[in-house]
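1. Quick one: sequence and predicted model below, then my questions.
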Amino acid sequence: MRLPQSIIQYFSVRTIHFLTIGIAILLLGMVPVGAAAATSQLACAPTNLQFGTIVVGHTETLLVTVTNNGPTSVTITAITVSNAEFTTSSLNLPLVLLAGQSADLSVSFTPTAIGHAGGTIKFSSNASNASLQLEVEGAGVSSEPVTASPTIASFGQVAIGSSSTVPVVLTNARSWNVTLSALQITGVGFSMSGPTFPLTLSAGQSVTLNVAFAPQSVGTTGGSLLVSGPGLAVPLTGTGAAPGQLTANPGSLTFANVQVGSSTSLSETVTNTEASTVTISQANLTGAVFSISGLSLPVRLTPNQSVTFTATFKPTAAGTTSGSLSIVSNASNSPLNIALSGTGTAAGQLAVTPTSLSFGSVVVGSNSSLNGTLTARGASVTINSASLNNGEFVLSGISLPATLTASQSATFAVTFTPQASGATSASLSFSSNASNSPATQTMTGTGTASTQHTVDLTWNAASGAVGYNIYRGTVSGGPYTMINSSLDGTTAYTDSTVVSGQTYYYVATSVNGESEESGYSNQTTAVIPNP
């Protein structure tokens, strides 16, 4: 009979009574096919838990993953710890692990005295290795020789296929040199970059390590950054999540006919529709006539969160133009492409009629107004603003900005109010989206000094009169108002307070030595020229 290889190996180290007991062992080992495969095997990772140096009274916690590597379920009935400075938590016993299933156990170390501490954690189960043991070690110190900031590197939620980096700063807390002999990373998905070791830190000196987490599966993962020398352990934790996905609303942007020189804008909304946070890192545009605003990068979108921004089309020539907006992110469907299209149309022209305004002579201080017309030709025109370069001319009658459709007209008025004598000119400019912008109109005018008119009055002397009063009205027959400030002893008076273009009516009275005043004389009329 040929013995199975496993039995031969067993006998190779146990040669005593080979012939006597070998057959018995062989007979015992002949079990039905499949019975050996039903035996489960427990394993833990790591197999040796190193806490390094921990300040007395402080607690450090590391994760241990217990896995059932066998084809059938295993029931863990008890977990015992040989040293009270080490404690366990997070598992409810009895615990059933199905074939291939794992569970995380939190192990904490709280040193009560300075010096080395060690022990074992025993897992009692119905597995083939019914008493799986985990070695644990640590040391209590009076103070930390090297500190880590942060003390725990937590990466939060990271999508599968992407990575996140946390800088960990190690600082020598001693007043003498400390040598970091080596670094070790534990835990699936964690990696580290930084300086070369061994490395000596002088008192107070720091060094930065970049610890990265790139999850390999969905769920929470733990690990440690182990620093040999000072025996420092920095716990690492992160959660792998399914990659997010972005959607665009609308899926494409089409700009209606836009005149060359003008622009139009549309809103675009991008939403994270999955359960993982998505970071948008780039927004790449093709098509020089397109632009975006309101999107400040990078931007993080939590599940169901959206960002809204504006896309603008400003054609430089007539015709249809296409482009695209590419949203680059860590989403599963990156890059997200949004098609852009728009049609540029020929710009209209703005006609100003008449092309010039002549106000002629206008008396200083008075004013004169003339009208003009604006007309859109070929296409609609938006008039944005108007400007005059001479303060003696004022534009009115039109409210800007204003849009004129093709062939539509609008009137305006310009008023000339000269402030001084002499000829003057001005230019009125209308700024618009027309191809001939700005459209201009010139104007001229002359300020003339105002003419001062007077009315000379005379009358016949009255018997016994010592003086006369002169009265003026603007309506024939009165009422009249006395215009002399004191009794006039002559038979003539000049009225220099008349206004051009007005008609006045005058009467006079006589006053005797007893200050008695006569009735009104006959009325006389004076028509003042204009100007």
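-> In hand now; what should we look at? Numbers count the residues shown, from 1 in each chain.
2. next one: stretch 66-77 to chain centre, how far?
-> 52 Å (C-alpha atoms, centre = their mean, to the nearest Å).
3. Mind checking the pLDDT average for that stretch?
-> What stretch 66-77 shows for mean pLDDT is 93.
4. mind listing what's buried in it?
-> Counting neighbours by 16 or more other C-beta atoms under 10 Å, one finds that the buried residues in stretch 66-77 are 66-68, 70, 74, 76. C-betas here are computed from N, CA, C, even on glycine.
5. any idea which of these is the one closest to residue 159?
-> Looking at the buried residues of stretch 66-77 and their distance to residue 159, the nearest is residue 67, at 25.1 Å (C-beta to C-beta).
6. how far away is that closest one from residue 278?
-> Distance, residue 67 to residue 278, by C-beta to C-beta, to the nearest Å: 32 Å.
7. Tell me how many other residues crowd residue 436.
-> When counting by other C-beta atoms under 10 Å, one arrives at 16 neighbours for residue 436.
8. now do residue 409
-> Using other C-beta under 10 Å, residue 409 has 11 other residues around it.
9. again with the one 5 residues further on
-> By the other C-beta under 10 Å criterion, the neighbourhood of residue 414 contains 22 residues.
10. Export only the CA atoms of whichever strand or helix holds it, formatted as CSV.
-> For residue 414, the enclosing helix or strand under DSSP states H and E is strand 409-416. As requested, the backbone C-alpha atoms of strand 409-416 are provided in CSV (Å, rounded to 0.1, in the frame of the first residue of the first chain):
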residue,chain,number,x,y,z
SER,A,409,-36.9,103.2,-35.4
ALA,A,410,-36.8,105.3,-32.3
THR,A,411,-36.7,109.0,-31.9
PHE,A,412,-34.7,111.2,-29.6
ALA,A,413,-34.2,114.8,-28.8
VAL,A,414,-31.1,117.0,-28.3
THR,A,415,-31.4,120.3,-26.5
PHE,A,416,-28.9,123.1,-27.0
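11. quick one: contacts of it?
-> Judged by C-beta atoms under 8 Å, 6 or more residues apart in numbering, the contacts made with strand 409-416 from elsewhere in the structure are 357, 359, 362, 367-376, 388, 392-398, 402, 404, 428, 443, 445.
12. Please pick the buried ones from these.
-> Among these, the ones that count as buried by 16+ other C-beta under 10 Å are 357, 359, 362, 368, 370, 372, 374-376, 388, 392-393, 395, 402, 404, 428, 443, 445.
13. Out of those residues, list just those in strands.
-> Those of those mapping onto strands are 357, 359, 362, 368, 370, 372, 374-376, 388, 393, 395, 402, 404, 428, 443, 445, per DSSP state E.
14. which residues does the closest residue to residue 327 other than its chain neighbours contact?
-> Here the nearest residue to residue 327 in space, its sequence neighbours aside, is residue 336; by C-beta to C-beta, 6 or more residues apart in numbering that works out to 4.1 Å. Contacts here follow C-beta under 8 Å, 6+ apart; on that basis residue 336 touches 246-248, 270, 326-327, 329.
15. got a winner among these for most neighbours?
-> The residue in the contacts of residue 336 with the most neighbours, by other C-beta under 10 Å, is residue 329 (28 neighbours).
16. which residues sit in contact with that residue?
-> Taking C-beta under 8 Å, 6+ apart as the contact definition, residue 329 lies against 244, 246, 278-281, 335-336.
17. For the residue lying closest to residue 163 once chain neighbours are set aside, the count of nearby residues, please.
-> Computed as C-beta to C-beta, 6+ apart, the closest residue to residue 163 that is not its neighbour in sequence is residue 214, at 3.9 Å. Around residue 214 there are 19 other residues, counting by other C-beta under 10 Å.
18. Was I right to think residue 214 contacts residue 191?
-> Yes: with the criterion set as C-beta atoms under 8 Å, residue 214 and residue 191 qualify as a contacting pair; they are 7.1 Å apart.
19. how long is stretch 74-93 end to end?
-> 12 Å (C-alpha to C-alpha, to the nearest Å).
20. Now that stretch: buried residues?
-> Neighbour counts using 16+ other C-beta under 10 Å place 74, 76, 79, 81, 85-86, 88 of stretch 74-93 among the buried residues.
21. Identify the farthest-apart pair in those residues.
-> Using C-beta to C-beta for every pair in the buried residues of stretch 74-93, the one that comes out farthest apart is 74 and 85, at 28.2 Å.
22. can you confirm residue 331 is in a helix?
-> No: the assignment for residue 331 is coil, going by DSSP: H, G, I helix; E, B strand; the rest coil, so no helix is present there.
23. how's this structure carved up into domains?
-> What the record gives for the chain is the domain set 5-30, 42-141, 146-241, 246-341, 349-448, 455-527, from automatic domain parsing.
24. which of the ones you listed has the lowest average pLDDT?
-> The stretch with the lowest average pLDDT out of the domains of the chain is domain 5-30, scoring a mean of 31.
25. Which of the contacts of residue 329 ranks first by neighbour count?
-> Neighbour count (other C-beta under 10 Å) singles out residue 278 as the most crowded of the contacts of residue 329, with 30 neighbours.
26. quick one: contacts for that one?
-> For residue 278, the contacting residues are 159, 244-246, 272, 300-301, 329-331, by C-beta under 8 Å, 6+ apart.
27. pLDDT value on residue 453, please?
-> At residue 453 the predicted local distance difference test score is 89.
28. Tell me if I'm right that it and residue 501 touch.
-> No: in this structure residue 453 lies outside contact range of residue 501 using C-beta under 8 Å: 9.6 Å.
29. These two: which is more packed in?
-> Under the criterion of other C-beta under 10 Å, the comparison of residue 453 against residue 501 puts residue 453 first, with 18 against 11.
30. check contacts around that one.
-> 498, 500, 528-529.
31. quick one: which of the contacts of residue 336 is nearest to residue 199?
-> Distance to residue 199 across these (C-beta to C-beta) is lowest for residue 329, with 36.8 Å.
32. could you measure the closest one against residue 212, distance?
-> When C-beta to C-beta is the yardstick, residue 329 and residue 212 sit 19 Å from each other.
33. Equivalent analysis for residue 80, please.
-> The span separating residue 80 from residue 212 equals 37 Å under the rule C-beta to C-beta.
34. again, but for residue 247
-> As for residue 247, its distance to residue 212 is 29 Å (criterion: C-beta to C-beta).
35. What of residue 113?
-> Counting by C-beta to C-beta, the gap from residue 113 to residue 212 is 37 Å.
36. can you check residue 488 too?
-> For residue 488, the distance to residue 212 (C-beta to C-beta) stands at 111 Å.
37. can you pull out the helices in this structure?
-> Taking DSSP state H as the criterion, the chain contains helices spanning 5-12, 18-29.
38. Fine by me, thanks again.
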